[in-house]
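**Q** can you look at this prediction? I've put the sequence above it.
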Amino acid sequence: MSASAREVKRAILSPQQYSQFQVSNGIGGNALTEVNAKFPFNEANLATIDPIDLEIIIAAGETAEQAEVGAGGFNEAIAAAGGTGSAAGTALQVGKIKNKVLKLQLSVLRLGAEVAQGRQDRAAKLQEQRTKLAKNVELDRAAAGQRSQSVEFRGSSQPRR
């Protein structure tokens, strides 16, 4: 196959701070659309994803996980706001769900790329993550129109080489 006949993929992402790629501020209801705008990959074409983009997706997913459960993340912020019974806690909970959509969509992209590149041992985990993603997308849609709040979390999508 000639070089011109091959599809050449170039990296489209750049490492960013969590505050730049997070989707938790604003309102609930469109988290998946917001995530896909920041990480615009078609699952059908993941076999040829640029390795740099894949590394950024992995790092962003790890950061989104830490923004949920790590020190200074959503779980601590919700507790500090008095739980989901308070207005601040409710907005943070809506933001946490949007963050989960981010984290899970990044996991689906990562696992989808691995499966598309021949790692069939990752197919069951990919399906598990798709199921979790669908559940959290529904939770986000149920919060449509509700105020959503992010957390001030330090982290990035810089690959850890």
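**A** That came through, no problem. Numbers count the residues shown, from 1 in each chain.
**Q** middle-most residue in this protein, spatially?
**A** Closest residue to the average C-alpha location of the chain: residue 102 at 2.3 Å, with CA atoms, centre = their mean.
**Q** whichever strand or helix holds that residue: what's the following helix or strand?
**A** Per DSSP states H and E: residue 102 is located in helix 87-116. Next helix or strand after helix 87-116 toward the C-terminus (DSSP H and E): helix 123-142.
**Q** helix or strand next in line after that next one, which one?
**A** Immediately after helix 123-142, counting by DSSP H and E, sits strand 147-148.
**Q** so what does that following strand touch, helix or strand wise?
**A** strand 26-27, helix 87-116 (3 or more CB pairs under 8 Å, 6 or more residues apart in numbering; DSSP states H and E). Quick note: C-beta positions are derived from backbone N, CA and C, even for glycine.
**Q** among those, which is nearest residue 73?
**A** Nearest to residue 73 among these is helix 87-116 (8.6 Å), distances taken as CB to CB.
**Q** chain center to that closest one: distance?
**A** Centroid displacement of helix 87-116 relative to its chain, using CA atoms, centre = their mean, to the nearest Å, is 4 Å.
**Q** next: stretch 66-86.
**A** Worked out by CA atoms, centre = their mean, stretch 66-86 lies 18 Å from the chain centre.
**Q** start and end of that stretch, how far apart?
**A** 23 Å (CA to CA, to the nearest Å).
**Q** flag every buried residue along it.
**A** 66, 67, 68, 70, 73, 74, 75, 77, 78, 81, 84 (16 or more other CB atoms under 10 Å).
**Q** out of those residues, which are inside helices?
**A** Among these, the members found in helices (DSSP state H) are 66, 67, 68, 74, 75, 77, 78.
**Q** and of these, the nearest to residue 126?
**A** So of those, ranked by how close each gets to residue 126 (CB to CB), first place is residue 68, at 20.3 Å.
**Q** not counting its neighbours along the chain, what's nearest that closest one?
**A** residue 74 (5.1 Å; CB to CB, 6 or more residues apart in numbering).
**Q** wait, the one you found touches residue 151, no?
**A** Yes - here residue 74 lies in contact with residue 151, judged by CB atoms under 8 Å, at a distance of 5.6 Å.
**Q** which residues do these two both contact?
**A** 24, 67, 92, 95 (CB atoms under 8 Å, 6 or more residues apart in numbering).
**Q** how near is the second one to residue 132?
**A** Using CB to CB, to the nearest Å, one gets 17 Å for the distance from residue 67 to residue 132.
**Q** equivalent analysis for the third one, please.
**A** For residue 92, the distance to residue 132 equals 20 Å [CB to CB].
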